[in-house]
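**Q** with the input below, show me the fold.
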Amino acid sequence: HKESGTYWSALVAKVSDPDGRIQAVHRTWIDGHVLSASFGKAPVEPAKASLGLVSGGAIRLSAAAEELILAEGIETTWSAMQLYELPGWCGVSASNMLSSPGEFSPNRAAEKPTLRYGGDALSVV
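**A** Numbers count the residues shown, from 1 in each chain. Alright, predicted model coming up:
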């Protein structure tokens with residue numbers, strides 16, 4: 001972790017553009033020994049960071065499908081995928097999902113998919 005000068009494990013994910021090409025790398029530093037109110041994130045600032053531009057991108061945890069979960073964070077997306085037994089994409093951040101709704105869309109990969117969205121506190125519509 002460059003800012004703190006310390007070493008931590010990290011969850012590393014590819015952020016894809018609407019055509020599926022890599023546009024950024026997202027990193028979440030984790031403390032594998034502690035499960036706490038910080039949900040296992042390392043006690044560093046920032047605990048999450050990206051290399052590259054995430055705008056309009058998504059972390060695709062599955063292939064596009066007719067019905068697809070869209071959620072803000074990797075953990076929320078993965079949990080919703082397990083709960084609903086559906087494929088899902090992570091929007092990296094709420095601001096990314098809100099600032100580029102036309103770009104952040106699985107429409108290029110699936111014909112008119114049904115979407116289920118959840119933020120940090122999952123609320124499926």
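**Q** wait, what's in contact with the residue most central in space within the chain?
**A** With distances taken as Cα atoms, centre = their mean, residue 90 lies nearest the centre of the chain, 3.1 Å away. Neighbour list for residue 90: 13, 58, 59, 60, 61, 71, 72, 73, 74, 76, 77 [criterion: Cβ atoms under 8 Å, 6 or more residues apart in numbering]. C-beta: built from backbone N, CA, C; applies to glycine.
**Q** could you give me the PyMOL syntax to select whichever of those are buried?
**A** Restricted to buried positions by 16 or more other Cβ atoms under 10 Å, the PyMOL selection for the contacts of residue 90 reads:
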select buried, resi 13+58+59+60+61+71+72+73+74+76+77
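**Q** before we move on, back to that, distance of the residue nearest to the centre of the chain from residue 4?
**A** 25 Å (Cβ to Cβ, to the nearest Å).
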